[in-house]
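Undergrad: with the input below, show me the fold.
(one chain, ligands or ions: 2)
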Amino acid sequence: MRKLLSVILTVCMVMGFMTVAMAEEPNVTVVVTQLGEDIHVSVDGMPEGDEVTVLVGNVFDDYANDPINTNDIMYIDQKEFVPEGEDEYTFVFKMRDTAQSGTYQVRVGGSNLSNPAAPEGEGGVFTYQASGGSEDGVVTGYIALVSSRSDKSGILVEAKNDKDDETAIASASTAENGKFELSIGDGTYDFVISIPGYIPRIIENVSVENGEASLSTEAEPLELWAGDVDSSGAVSAADLGMLLAGFNTIADDPKYSESIDFDISGSVSASDLGMLLANFNKVSDHYNNSAD
Ligand SMILES: [Ca+2]
Ligand SMILES: [Ca+2]
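TA: Numbering: from 1, shown residues only. Ligands and ions are numbered 1, 2, ... in the order given. The predicted model follows:
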């Protein structure tokens, strides 16, 4: 282990004045096999020498101008001497981040630790495939409806790569208390929160890291405003017209709809109209400018 550290230190130090010539391409055969998260590597034909470095790192297109740094190194070891007839070197390792797919190269160096050479051509290049079943994390949050409505179930929470995308990567619905739990892998997403009758709310660039993120808490839920009957993202005359068309109806009436009964009181009445008028001309973007 001490030796490994000293190798890494040396690599870092040499980085400081990195104008090395390309090391000679070693005449080795590299076979890489992935079994689950384990990477099995076999290097046949290891060069002789008292400081032979084996390194697995990112593929460097322009190696002289894109030097190795420690984050690039997935595996490094140093062999003191490879006697004739014992020039095969095998090892097994795991990627630093096993959930991240990527293309890497096995390099085998001689005397120059900063610049272990790539085998000829595409030698030693391999692609690590993160397992498709990389564990999903959980995004939690609480949504409130600005009305006298106590049942906050059925609010749709969608995670999208971009808020304007048609399809969601993952979605969840709130429980009666407004809480949702959405399963999704690490990444950055736009969240779209909607329920008929309310202005959809968009939370952009939510970063899910190490399997978790929180959009809001029970004490400070994200609020949705009533009045957007047609889910256009704005409360306008069109919504008012739809509400008036069903005004004074009750649940059994064919003109009744929950999308105009904002408080789910069972009737479309003055209180629903009042909520719509209170939010008249509001649009989704106004959420971001609001105090909460
Ligand atoms: Ca509308
Ligand atoms: Ca009502």
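
Undergrad: pretty sure residue 129 contacts residue 99?
TA: No - counting by CB atoms under 8 Å, residue 129 sits too far from residue 99 to count as a contact (11.0 Å). In short, each C-beta sits where N, CA and C put it, glycine included.

Undergrad: so between the two, which is more surrounded?
TA: Using other CB atoms under 10 Å as the criterion, residue 129 and residue 99 rank with residue 99 on top: 13 against 10.

Undergrad: for that one, pull up the helix or strand it's in.
TA: Assigned by DSSP states H and E, residue 99 belongs to no helix or strand.

Undergrad: you'd agree it is up against residue 186?
TA: Yes - at 6.9 Å, residue 99 counts as touching residue 186 under the criterion of CB under 8 Å.

Undergrad: checking the nearest residue to residue 189 once chain neighbours are set aside next. Helix, strand or coil?
TA: Nearest non-adjacent residue to residue 189, counting by CB to CB, 6 or more residues apart in numbering: residue 159, 4.3 Å away. Three-state assignment for residue 159 (DSSP: H, G, I helix; E, B strand; the rest coil): strand.

Undergrad: neighbours of residue 159, how many?
TA: Neighbours of residue 159 (other CB under 10 Å): 22.

Undergrad: and if you look at residue 221?
TA: Counted with other CB under 10 Å, residues neighbouring residue 221 total 20.

Undergrad: how is the closest residue to ligand 1 within the stretch 151-292 of the chain assigned, secondary-structure-wise?
TA: Nearest to ligand 1 in the stretch 151-292 of the chain, going by CB to the ion, is residue 232, at a distance of 3.5 Å. Under three-state DSSP, residue 232 falls in the coil class.

Undergrad: hang on, it packs against residue 242?
TA: No - look at residue 232 against residue 242 with CB under 8 Å: they stay out of range, at 10.8 Å.

Undergrad: more neighbours: which of these two?
TA: For residue 232 versus residue 242, neighbours defined as other CB under 10 Å are more numerous around residue 242 (17 against 14).

Undergrad: ok, now how distant is the nearest residue to the more buried one once chain neighbours are set aside from residue 258?
TA: In this structure, residue 242 finds its nearest non-sequential neighbour in residue 229, 4.5 Å apart by CB to CB, 6+ apart. Residue 229 sits 10 Å away from residue 258, going by CB to CB, to the nearest Å.
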